[in-house]
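A.B. asks: model the structure of this input:
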Amino acid sequence: MKMNKKEFIKIYKEYSHRVITTKVVMALASSADHIIAATVISSAVLAAITLINPMLFFIFAFAFMFASGLGSYIGLLIGKNEIDEANKTASFIVLIFTAIAAMLAVFSSINASKVASLLGASGDYHRIATAYLRYLSIAFFPQMISVVLDGLVMNDGSPKYNFRVNIIALVMNVILNMIFVIVFKQGVVGLAIATLISHSYHLLADIYYLVYKSKTIKIRMPKKNYKALKRVLFNGSSDFLGVFIEAIMIYIVNLSILKFLPNEYLEAYAASAVFTLFITKIYLGSQYGLQPISSKLMGQGKYDELRYLFAFSVKRSALYAMGLYVALIPVAWFGLPYFLDSPELAKIAFILYLGVGFAIVLSNIGIQSSIFFTSINRPMESLGIAIIRTLILIPVFSYTMIWLFKFTGITLGFLIPEIILTIGFMHYFKRLDLSRLKV
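C.D. replies: Model (predicted):
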């Protein structure tokens, strides 16, 4: 029996609404470092933190690879009622990923200074970025594992639990940020310590759920299953490369601004990004929230419902994103002067919010289409979209537009690629027969 519109709305409210809220809330949590750095310390600290973002994206590319690959595969197995296979796969993959997370955390902490230099930081920017990354890297371990375990909790059918844990972690992070930075005067080190504590709680809460509360997914003594590992890595490869490619995109944008504009413009761009980040999270949350449902529908061969659910997500989230973009205009106008040391930079940052923010509103298709194909176990399409959008279009247009038009080029570098990709994907998806795809 096919689902009707009311059932789709119910599914979207149950899954996507909570994940959208969680993503926006977690964006606020991640922005807490940036907000406190800019308002309490200086805008130079904000710029330094922004310069190391490509490294953060690279680290979490591994987490998203395992989270999306495992989540999609587990959802497919549950849809086929292969519960025992799902549990064996989950247990083995979590063990493998824990070892990878530990190695990445240690490596990035030890090599913090070299990484900061590689990402273009020099002078005061280098000193600040190195200190921040050295301590923040320790928090990578619980944070990365939590991303993977969140996916298992979602597939177990408990988005409410995920939502509550993420909210508590957010509140904890914000409060600890203020305590360590404002009260104890620990600067960027305090920001990193607050992140470590809050994400450690997040990890422990996820472990508690999977051990004591899980209904379907049970973590047990793992058994070697390299075939399943290969399948998970294949499924999640597009998300890994997508996030990794996004790290390259951010790196190129940062370097383009530093090369063709005064360094202060990077501070203005970093300040505006604090607000535009929330718009992106709506699209991510909308499609990630539907991942368990999309995977199961694909496993059950319900292709019409799958197509409709994707279209519904795109339309509904676009409405939310535009509403948030408009609502944040007065917030950005009054808030940006507190983020930047110069009033002139605040005006530049506000113009960037208007331009780049609108371009990000148009990124709906570019973001959601890639996640959609991963959720239905078609990583090659997902990877193709990520490469076209994030490795080719945005970097190429950002570099050339900033080179040609300087300040105005920052907005054009984001806007033109989204328009091109949206038109191209709509033409492709209209003719796509999901029933002919092999998974």
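
A.B. asks: please enumerate the strands of the stretch 101-250 of the chain.
C.D. replies: When assigned using DSSP state E, counting those that start in this stretch, the stretch 101-250 of the chain turns out to have no strands.

A.B. asks: which residues of it score low on pLDDT?
C.D. replies: Along the stretch 101-250 of the chain, segments meeting pLDDT under 70 span 238, 242.

A.B. asks: quick one: the helices in it?
C.D. replies: In the stretch 101-250 of the chain, helices defined by DSSP state H, counting those that start in this stretch lie at 112-118, 124-155, 159-178, 187-208, 226-260, listed in chain order.

A.B. asks: I'd like those helices as CSV, with distance to Arg307 and mean neighbour count appended.
C.D. replies: For glycine as for every other residue, the C-beta is placed from the backbone atoms N, C-alpha and C. As requested, these are exported to CSV (distance: least, C-beta to C-beta, whole Å; neighbours: other C-beta atoms under 10 Å):
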stretch, distance to Arg307, mean neighbour count
helix 112-118, 43, 17
helix 124-155, 22, 23
helix 159-178, 23, 19
helix 187-208, 32, 20
helix 226-260, 20, 20
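
A.B. asks: which one of these lies closest to Ala27?
C.D. replies: Between Ala27 and the helices of the stretch 101-250 of the chain, the shortest gap by C-beta to C-beta is with helix 159-178, which sits at 9.5 Å.

A.B. asks: output the contacting helices and strands for that closest one.
C.D. replies: Helix 159-178 is packed against helix 17-36, helix 124-155, helix 187-208, with contacts defined by 3 or more C-beta pairs under 8 Å, 6 or more residues apart in numbering; DSSP states H and E.

A.B. asks: could these be laid out in JSON lines, adding distance to Lys215?
C.D. replies: As requested, the helices and strands packed on helix 159-178 are arranged in JSON lines below (distance: least, C-beta to C-beta, whole Å):
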{"stretch": "helix 17-36", "distance to Lys215": "17"}
{"stretch": "helix 124-155", "distance to Lys215": "10"}
{"stretch": "helix 187-208", "distance to Lys215": "14"}
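
A.B. asks: and of those helices, who's closest to Arg378?
C.D. replies: Across the helices and strands packed on helix 159-178, closest to Arg378 is helix 124-155 (C-beta to C-beta), at 17.7 Å.

A.B. asks: and the nearest residue to Leu152 once chain neighbours are set aside, how many neighbours?
C.D. replies: The shortest distance from Leu152 to any non-neighbouring residue, by C-beta to C-beta, 6 or more residues apart in numbering, is to Ile217 (5.3 Å). Residues near Ile217, counting by other C-beta atoms under 10 Å, number 24.

A.B. asks: give me the phi and psi for Ile217.
C.D. replies: phi -80, psi 120 (degrees, to the nearest 10).

A.B. asks: check the gap between it and Asn162 for me.
C.D. replies: Counting by C-beta to C-beta, to the nearest Å, the gap from Ile217 to Asn162 is 13 Å.

A.B. asks: then Ile49?
C.D. replies: In terms of C-beta to C-beta, Ile49 sits 27 Å off from Asn162.

A.B. asks: try Tyr73
C.D. replies: 19 Å.

A.B. asks: again with Ala44
C.D. replies: Distance from Ala44 to Asn162, by C-beta to C-beta: 36 Å.

A.B. asks: before we move on, what about Leu277?
C.D. replies: 20 Å.

A.B. asks: likewise Ser198?
C.D. replies: 15 Å.

A.B. asks: residues in contact with stretch 430-439?
C.D. replies: Contact partners of stretch 430-439, identified using C-beta atoms under 8 Å, 6 or more residues apart in numbering, comprise Leu76, Met298, Gly299, Gly301, Tyr303, Leu306, Arg307, Ile376, Asn377, Arg378.

A.B. asks: identify the farthest-apart pair in these.
C.D. replies: So, those by C-beta to C-beta: farthest apart are Leu76 and Arg307, at 17.5 Å.

A.B. asks: the more surrounded of those two?
C.D. replies: Neighbour totals were compared for Leu76 and Arg307, and Leu76 leads with 25 against 16 (other C-beta under 10 Å).

A.B. asks: quick check: which element contains the more buried one?
C.D. replies: According to DSSP states H and E, Leu76 maps onto helix 53-79.

A.B. asks: elements contacting that helix?
C.D. replies: Counting by 3+ C-beta pairs under 8 Å, 6+ apart, helix 53-79 packs on helix 83-110, helix 124-155, helix 226-260, helix 291-300, helix 364-375.

A.B. asks: closest to Leu352 out of those?
C.D. replies: helix 226-260 (10.3 Å).

A.B. asks: who are the packing partners of the closest one?
C.D. replies: Secondary elements touching helix 226-260 (3+ C-beta pairs under 8 Å, 6+ apart): helix 53-79, helix 83-110, helix 264-289, helix 364-375, helix 379-386, helix 394-405, helix 407-430.

A.B. asks: if we go to 10 Å?
C.D. replies: Counting contacts by 3 or more C-beta pairs under 10 Å, 6 or more residues apart in numbering; DSSP states H and E, helix 226-260 packs against helix 43-51, helix 53-79, helix 83-110, helix 264-289, helix 364-375, helix 379-386, helix 394-405, helix 407-430.

A.B. asks: now those helices in a markdown table, with distance to Asp341?
C.D. replies: Formatted as a markdown table, those follow (distance: least, C-beta to C-beta, whole Å):
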| stretch | distance to Asp341 |
| --- | --- |
| helix 43-51 | 5 |
| helix 53-79 | 21 |
| helix 83-110 | 29 |
| helix 264-289 | 8 |
| helix 364-375 | 33 |
| helix 379-386 | 36 |
| helix 394-405 | 23 |
| helix 407-430 | 19 |
